[in-house]
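Asker: take this sequence and fold it.
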Amino acid sequence: MAYDSNNIFAKILRGEIPCTKVYEDEHTLAFMDIMPQAEGHTLVITKEHAETILDLSPAAAAAWIHTVQKVAKAVKKAMGVDGFVLMQLNGVAAGQSVPHVHFHILPTSLGTLMTRAHGAQMGDLQQIQGYAEKIKAELAK
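Answerer: Okay, here's the model as predicted:
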């Protein structure tokens, strides 16, 4: 299937839709999920146009996982948790809701995660901004 350049993440990358950024480099972007499944729920996307991990080039995949690791460390510390869940879904049948490859960093336990539906409701944007500031502060260290 051809990449849909009108998906919400593509629009975010083009600056057409705002997001609460926590990290950006030439290959990746990390930002807060506005419909969080956990406090501090952060998304990391690649700037390469790819719907699933199978569509991603090896170079983009390497840059992406490097950013995931970097941001996950900051999220873990900023949110004061002992662990976190990394979630990466591929295809509608697997639950992927945005057709642009992305990782979810969820600073919570798997048990807690299973009790909260993803995308069920908008988060408190002021609270989300506060989490973003904590994460950015950790990344700046």
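
Asker: now the residue nearest the centre of the chain: how far from Lys73?
Answerer: In the chain, the residue lying closest to the centroid (Cα atoms, centre = their mean) is Leu43, at 0.7 Å. According to Cβ to Cβ, to the nearest Å, Leu43 and Lys73 sit 16 Å apart. Glycine gets a C-beta too; all of them are placed from N, C-alpha and C.

Asker: who are the contact partners of the nearest residue to Thr20 once chain neighbours are set aside?
Answerer: Sequence neighbours aside, Met32 is the residue nearest to Thr20 in space, at 4.2 Å (criterion: Cβ to Cβ, 6 or more residues apart in numbering). Applying Cβ atoms under 8 Å, 6 or more residues apart in numbering, we find Met32 in contact with Cys19, Thr20, Val22, His41, Thr42, Leu43, Ile128, Gln129, Tyr131, Ala132.

Asker: okay if I get the residues you listed as CSV plus secondary structure, distance to Phe9 and pLDDT?
Answerer: CSV is the format used below for those (DSSP: H, G, I helix; E, B strand; the rest coil; distance: Cβ to Cβ, whole Å; pLDDT from 0 to 100):
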residue, secondary structure, distance to Phe9, pLDDT
Cys19, coil, 9, 98
Thr20, coil, 14, 98
Val22, strand, 15, 98
His41, coil, 15, 97
Thr42, strand, 14, 98
Leu43, strand, 8, 98
Ile128, helix, 17, 97
Gln129, helix, 20, 98
Tyr131, helix, 20, 98
Ala132, helix, 17, 98
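
Asker: please spell out the ChimeraX selection for the buried subset of those residues.
Answerer: A single ChimeraX command is used to select the members of the contacts of Met32 judged buried by 16 or more other Cβ atoms under 10 Å:
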select :19,20,22,41,42,43,128,131,132
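
Asker: and the two most separated of the contacts of Met32?
Answerer: Farthest-apart pair in the contacts of Met32 is Leu43 and Gln129; separation 15.1 Å (Cβ to Cβ).

Asker: re earlier: nearest to Leu54, of the contacts of Met32?
Answerer: Nearest to Leu54, judged by Cβ to Cβ, of the contacts of Met32 is Leu43 at 19.2 Å.
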